[in-house]
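Asker: with the input below, show me the fold.
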Amino acid sequence: MNVSQASQNSIWPRRAEYHVLTYAEEGFAPLNIHTRDSTLSKEQLVQFAALVNDRNEVGSLYPYAAVSAVPRAVIRDLQDAHALRHYIEEFFRANANSIRAKKVLLDFRTPSVPWFVATAIQDAVACPDAAFIEEVVVVNDTAP
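Answerer: The predicted structure follows:
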C-alpha cells in the first residue's frame, strides 16, 4: 500500500478516484467539502453526521457518495490516537467487506492535521484489512 500526503488543491482534480474517510461534523468541515458534488441535501448530511455521532461508530454515505465518517468527538474532543486508530480500522474492515475502494483519502484536518491523527493513521494502515487498499492519501494542506 502506498501512503502519501497531499494538499486539498493538489488532490482535488483526482478526487473522484477516492473514497473519503473524514469526521462527522456538518458545516464548514471536510464532510461538506467532499460531498459538495453529490446529490445529498444539507438535511441528509445533518442527519448522517448526527447518526454517526449518536451511535459512536463509523458510518458511510456509500453508495450515494464516496464518503465515510468517524464520530466527531474522536477528532475534536478526545484527541486520542488509539481511539482514532480503532475507528480507522473499523472503516478498513467495512471497506474490505462492502465498499471495496482501492484508493482512500483520509481528511481529518481541523484545519491542520493534529499530531495524534498522524500517529493513528500510521498504526492503522498496518491492520490486515488495510491490505485491500492500494493507495491512501492523507489530506494535509502543509504537504507539497
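Asker: A strand includes Leu105, no?
Answerer: Yes. The assignment for Leu105 (DSSP: H, G, I helix; E, B strand; the rest coil) places it in a strand.
Asker: give the contact list for it.
Answerer: Ile11, Arg15, Tyr18, His19, Val20, Leu21, His34, Val136, Val137, Val138, Val139 (Cβ atoms under 8 Å, 6 or more residues apart in numbering). The way it works is simple: take the backbone N, C-alpha and C, and place the C-beta from them, glycine included.
Asker: can you tell me the closest non-neighbouring residue to the fourth one?
Answerer: If the residues on either side of it in the chain are set aside, His19 comes closest to Ala101, at 3.5 Å by Cβ to Cβ, 6 or more residues apart in numbering.
Asker: what comes into contact with the helix or strand hosting Gln122?
Answerer: Per DSSP states H and E: Gln122 is located in helix 115-124. Residues from elsewhere that reach helix 115-124, judged by Cβ under 8 Å, 6+ apart: 3, 75, 79-82, 84-85, 88-89, 92, 106, 108, 130, 136, 138.
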